[in-house]
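A.B. asks: take a look and give me a structure for this.
(2 chains)
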Amino acid sequence: MTPQSNFMVVAPILPGREEDLRDVLAAMNLSPGVANPANAIFPFARFETLHVARFVILTDETLADRPPADRFDDAPVYLAFLGDSDGDADQLLQRFAETAGEGLRRVFSHCAGFDAKTNLLPWVRAHSVTPAAQYVNWVGRTVSRIREEAALHSALRGYLARLESANGGETPARIRDRLVRLWQHEGPKLSAEAPTPPAWRIRRLANFIGVSIAILLLIPVIVIGAPFFLWALRRRELTDPVIVPRPTEDHIKALSSIEDRAVTNQFSAFGNVKPGRFRLWTLLVIFQLLDFSTRQFFTRGRLARVGTIHFARWVFLDDKRRLFFASNYDGSLDSYMDDFINKVAFGLNLVFSNGIGFPSTNFLLFGGAQRELEFKYYLRRHQIPTQVWYKAYPELTAADLARNSMIRAGLEDRLTTDAEARQWLALI
Amino acid sequence: MNVAAKRMQPSERKDMQGLLLTAYGGLPEASFLLLSIRDRAAAAAWLAAAPITCGDIRDASKVLQLALTAAGMRALGVPEAIIAGFSAEFVAGMAEEDGRSRRLGDLEANAPARWRWGYRSVPHVLAALYAEKGGLAAWRQRIADDRFAAGFEIIDELPTSDMGPKEPFGFTDGISQPRLDWDHGPRDAAALAEYGNLIAAGEFVLGYRNEYGFYTDRPVLDAGLPGAAGLPAAEDAAAKRDLGRNGTYLVFRELHQDVRAFWRFFSSLPGDGRAVAEACIGRRIDGTPLVPTTGSIRGIAAKAVAVNGFTYEGDPSGLACPIGAHVRRANPRTGDMPGGRQTWLGRFIRTLGLGPADLQQDLVAASRFHRILRRGREFGSYLPREEAVKPEAPDPRAGLHFICLNANIARQFEFVQNAWLASAKFAGLSGESDPVIGNRLPDPAGEATDAFTMPQPNGIARRVAAIPQFVTVAGGAYFFLPGVSALRFLAACGSAG
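C.D. replies: Model (predicted):
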């Protein structure tokens, strides 16, 4: 198995250069916000291990929400270039520099500390940012595997249509046998999985043992500290300002104009962490647990009950004063928010209630995102337009990917009974 | 936090337009007038005295209901700050944003630019007239009198026809409606894990608590504002007046149904074409459900169990009713949690997503947040199926004036239309949008959406391909159907200016 990895390059945009940069980014697009996979500046599709990627200008319309004692008026406007890919991220950055160095130079020349003499790769490495937590829909499912399995699905669908007209009355097991033989005879090839890098296995195991031991060791501290924590938390929850004005019409229009141009959408959001050590440390602990859960448990198609997210990440910026969130989800924003509210409100609350202005929560888990319209306004207002977004398989949802993987598994497994065969056939 | 919603008082009934409480099924004649305000003061004077029928009148023989678009309120001189209190979708309108058109499937043949009305020529006021048999012409004449004509220009008049319980394709329609819960108290999370049909009034009537226990967008005004004293008090804001209370958002879409193409296509299929059409709809022609009824569902009366007492829980793979069938998409009848009622531990495990991997079943959950009240009327002539397939059959020019009422257009009408009906990826399907109302356009990545899958017992799904477009959108708008006192307030804005 080849596990995925991610990269994110962040650099402040030079004063006065933002409009120019927007023009360069727009030149990469096929339709507003959606990248041309083969554009001349950064030809995304040439990097066949790249799942999703985006260029996004991190403007922060909510800086004024910060309390007067903790203003951050000189906060920079950043350009972020981020993506998720198979295998080692640094190797991919090297390939970017080799293959698309010129285009990247053109983009980054709008950023502080980058000029004609800058050596691209070291600069990119120096401006790389590691997420506080990340989520991958299916750990180890590579782009090439996704393509092979999609081709398999459509081939099997074709065979089935042929068989359907040719004969009825056969048992599911017999039909399956015929399909398998057709596939062996003329079907698309399915590559074997590459061996899992031992270093990755060790890191994952170490994470499991380390975090588990830490939790066990900390149980006494948690038990003793809980009342104090809850008291301090409750005091804040009751007084923290809630800032949820309706987003402006123009803001909604700017976001909406780049959405629903494919079955999957991008989401980028930016906000300010509540000042003070209490919220920051709470957030750091929660990110540890979130990262732990997405490494160890939520690795097979869903994050808690949500099965529509391909990749997501949470990233601290500006010495942890601000937080950036990016995801790639299936369906329209309304169904995404619906999932947030109805399925994982607790998860949203755990993280984002530590952000300035979030709808009021009760004991970190309840309320918050369940305050429907306040939450929707909060989320929309913190969302920022993504200037360029790329997804390697624009026609496939996470549910498609899961189904295709199940079809493949069923093809390679020995299914003997009619019931098993029937279930497998129904997937096609 | 909030004042508890009480049982509906008779005074509230009196403050509502009757359409919220009834579809006026007893009045078979109806006509929809789309109006443009010609003279603000005259229009305001007419609106202030318009003989609308309120919810407390149950036996009216002729009925007038009035609704306004955001453009209409502007034309009437309602201050911009008040209009801004309505929901963003209502203010923006149905047709003005490309993003919305993409989500609603209003592209190509359905594109607003091709609409007869609702794009650029957005009506200001909708006057819905209902009358008993033979009474409409006289009623219309009485409504459209000289005072009316001084204020309004009729930009279009949408006639309707009485097809009884059927819609133009011949299927019995309008069977499933949510039942309103005026007593919206604390909710039982365990019970909500299962599908129910008893829905908080605030999902359909503004100013009441909705399924989340909150209130949807509508203008809430200072009591001191001129005229505001006559408005009901806002439940969720002390000392404020509620312009939305006892009103709702009315979604109107003129849908043309190609009856001949529909039956010609299905009769051209091998085998029993009618059965395939029924599978596409998700009910038999006479309205009988395709899945067995199980009875006892919250909010479904005993006498309706035979047609509505069912969910799809016993049919996860769509053997009885295909997953992509129109009625299954329009209301998937899911509870909040897959697998229904659980112990608290079961709920906890499922909430964390660590339960059984019923991924597909959980893609569509919590139907209770996406219900609508349907109030549509058919138009054109009725062409029976047997006639429709004949080559010489005349075009019946039939269709549905789709009307629905909801408190949150984005979460109810638009969500159902986008995420459930138009989506080619609904509930884990691929390559098929709604078999009846889909626009058949390939998705932006070029994948077809014009198929329909019917799972078969042997595991080989029958896939009907290349279904033509049967339903075309020819107009539409978002209206505000005000309460009675709200209508008087809006009219007063016009005469004050």
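
A.B. asks: tell me which helix or strand A:Leu348 sits in.
C.D. replies: A:Leu348 is part of helix A:345-352, with elements assigned from DSSP states H and E.

A.B. asks: chain center to that helix: distance?
C.D. replies: With C-alpha atoms, centre = their mean, to the nearest Å as the basis, the distance from the averaged C-alpha position of helix A:345-352 to the chain average is 16 Å.

A.B. asks: now for that helix, which elements pack on it?
C.D. replies: Using 3 or more C-beta pairs under 8 Å, 6 or more residues apart in numbering or on different chains; DSSP states H and E as the contact criterion, the neighbours of helix A:345-352 among helices and strands are helix A:277-296, strand A:366-367. Just so you know, the C-beta spots here come from the backbone N, C-alpha and C atoms, and that holds for glycine as well.

A.B. asks: now do B:Gly314 against B:Leu345, distance only.
C.D. replies: For B:Gly314, the distance to B:Leu345 equals 25 Å [C-beta to C-beta, to the nearest Å].

A.B. asks: any chance you could give me stretch B:53-73 in PDB, C-alpha atoms only?
C.D. replies: The C-alpha trace of stretch B:53-73 is given here as PDB (Å, rounded to 0.1, in the frame of the first residue of the first chain):
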ATOM      1  CA  THR B  53     -59.400  33.800   2.600                       C
ATOM      2  CA  CYS B  54     -57.900  33.100   6.000                       C
ATOM      3  CA  GLY B  55     -57.200  29.800   7.600                       C
ATOM      4  CA  ASP B  56     -60.200  29.900   9.800                       C
ATOM      5  CA  ILE B  57     -62.600  29.700   6.900                       C
ATOM      6  CA  ARG B  58     -63.100  26.100   5.900                       C
ATOM      7  CA  ASP B  59     -66.000  26.200   3.500                       C
ATOM      8  CA  ALA B  60     -65.200  29.100   1.200                       C
ATOM      9  CA  SER B  61     -66.600  28.600  -2.300                       C
ATOM     10  CA  LYS B  62     -64.200  31.100  -3.800                       C
ATOM     11  CA  VAL B  63     -60.700  31.900  -2.600                       C
ATOM     12  CA  LEU B  64     -58.000  34.500  -3.200                       C
ATOM     13  CA  GLN B  65     -54.500  34.100  -2.000                       C
ATOM     14  CA  LEU B  66     -51.700  36.600  -2.400                       C
ATOM     15  CA  ALA B  67     -47.900  36.400  -2.500                       C
ATOM     16  CA  LEU B  68     -45.200  38.800  -3.400                       C
ATOM     17  CA  THR B  69     -41.700  38.500  -4.700                       C
ATOM     18  CA  ALA B  70     -38.700  40.500  -3.400                       C
ATOM     19  CA  ALA B  71     -39.100  42.600  -6.600                       C
ATOM     20  CA  GLY B  72     -42.700  43.100  -5.800                       C
ATOM     21  CA  MET B  73     -41.900  44.400  -2.300                       C
END
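
A.B. asks: okay, buried residues for it please.
C.D. replies: Neighbour counts over stretch B:53-73 (16 or more other C-beta atoms under 10 Å in any protein chain shown) mark B:53-55, B:60, B:62-73 as buried.

A.B. asks: same question for stretch A:144-158.
C.D. replies: Within stretch A:144-158, the residues scored as buried using 16+ other C-beta under 10 Å are A:Arg145, A:Ile146, A:Arg147, A:Glu148, A:Glu149, A:Ala150, A:Leu152, A:His153, A:Ala155, A:Leu156, A:Arg157.

A.B. asks: contacting chain B as well, which ones from the residues you listed?
C.D. replies: The overlap between the buried residues of stretch A:144-158 and the neighbours of chain B (C-beta under 8 Å from any C-beta of the partner chain) comes to A:Arg157.

A.B. asks: residues in contact with residue 228?
C.D. replies: Reading this off chain A. Under the criterion of C-beta atoms under 8 Å, 6 or more residues apart in numbering or on different chains, A:Phe228 has no contact partners.

A.B. asks: that was the other one, I meant chain B.
C.D. replies: Residues near B:Ala228 by C-beta under 8 Å, 6+ apart: B:Leu221, B:Asp222, B:Arg241, B:Leu243, B:Phe489.

A.B. asks: cool, and B:Arg13?
C.D. replies: For B:Arg13, the residues meeting the contact criterion (C-beta under 8 Å, 6+ apart) are B:Leu21, B:Cys54, B:Gly55, B:Asp56.

A.B. asks: and the pLDDT for the residue of the stretch 101-250 of chain A found nearest chain B?
C.D. replies: The nearest approach of the stretch 101-250 of chain A to chain B comes at A:Pro172, 4.2 Å away (C-beta to the nearest C-beta). If you check A:Pro172, the pLDDT there is 86.

A.B. asks: what is the nearest of the buried residues of stretch B:53-73 to chain A?
C.D. replies: Of all those, chain A sits closest to B:Ala70, with 11.6 Å by C-beta to the nearest C-beta.

A.B. asks: list the residues that contact the closest residue to that closest one other than its chain neighbours.
C.D. replies: Distance criterion C-beta to C-beta, 6 or more residues apart in numbering or on different chains; nearest residue to B:Ala70, sequence neighbours excluded, is B:Val91 at 4.9 Å. Contacts for B:Val91 (C-beta under 8 Å, 6+ apart) come out as A:Glu249, B:Ala70, B:Ile83, B:Ala84.

A.B. asks: let me know the closest of these to A:Leu216.
C.D. replies: When the contacts of B:Val91 are ranked by distance to A:Leu216 (C-beta to C-beta), A:Glu249 comes first, at 52.4 Å.

A.B. asks: still on that earlier bit, would you list the contacts of B:Val91 in JSON lines and tack on distance to B:Pro394 and pLDDT?
C.D. replies: Formatted as JSON lines, the contacts of B:Val91 follow (distance: C-beta to C-beta, whole Å; pLDDT from 0 to 100):
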{"residue": "A:Glu249", "distance to B:Pro394": "46", "pLDDT": "93"}
{"residue": "B:Ala70", "distance to B:Pro394": "39", "pLDDT": "97"}
{"residue": "B:Ile83", "distance to B:Pro394": "45", "pLDDT": "97"}
{"residue": "B:Ala84", "distance to B:Pro394": "49", "pLDDT": "96"}
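
A.B. asks: need the buried ones from those residues selected in ChimeraX.
C.D. replies: Selecting only the buried members of the contacts of B:Val91 in ChimeraX, with burial defined as 16+ other C-beta under 10 Å, works like this:
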select /B:70,83
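
A.B. asks: what is the neighbour count of A:Pro195?
C.D. replies: For A:Pro195, the number of neighbouring residues by other C-beta atoms under 10 Å in any protein chain shown comes to 8.

A.B. asks: check what pLDDT it gets.
C.D. replies: Confidence score, pLDDT, at A:Pro195: 94.

A.B. asks: same check, this time on A:Ala206
C.D. replies: At A:Ala206, the predicted lDDT confidence score is 96.

A.B. asks: can you count the residues close to A:Ile209?
C.D. replies: 10.

A.B. asks: which stretch of helix or strand covers it?
C.D. replies: With the criterion set as DSSP H and E, the secondary-structure element containing A:Ile209 is helix A:198-239.
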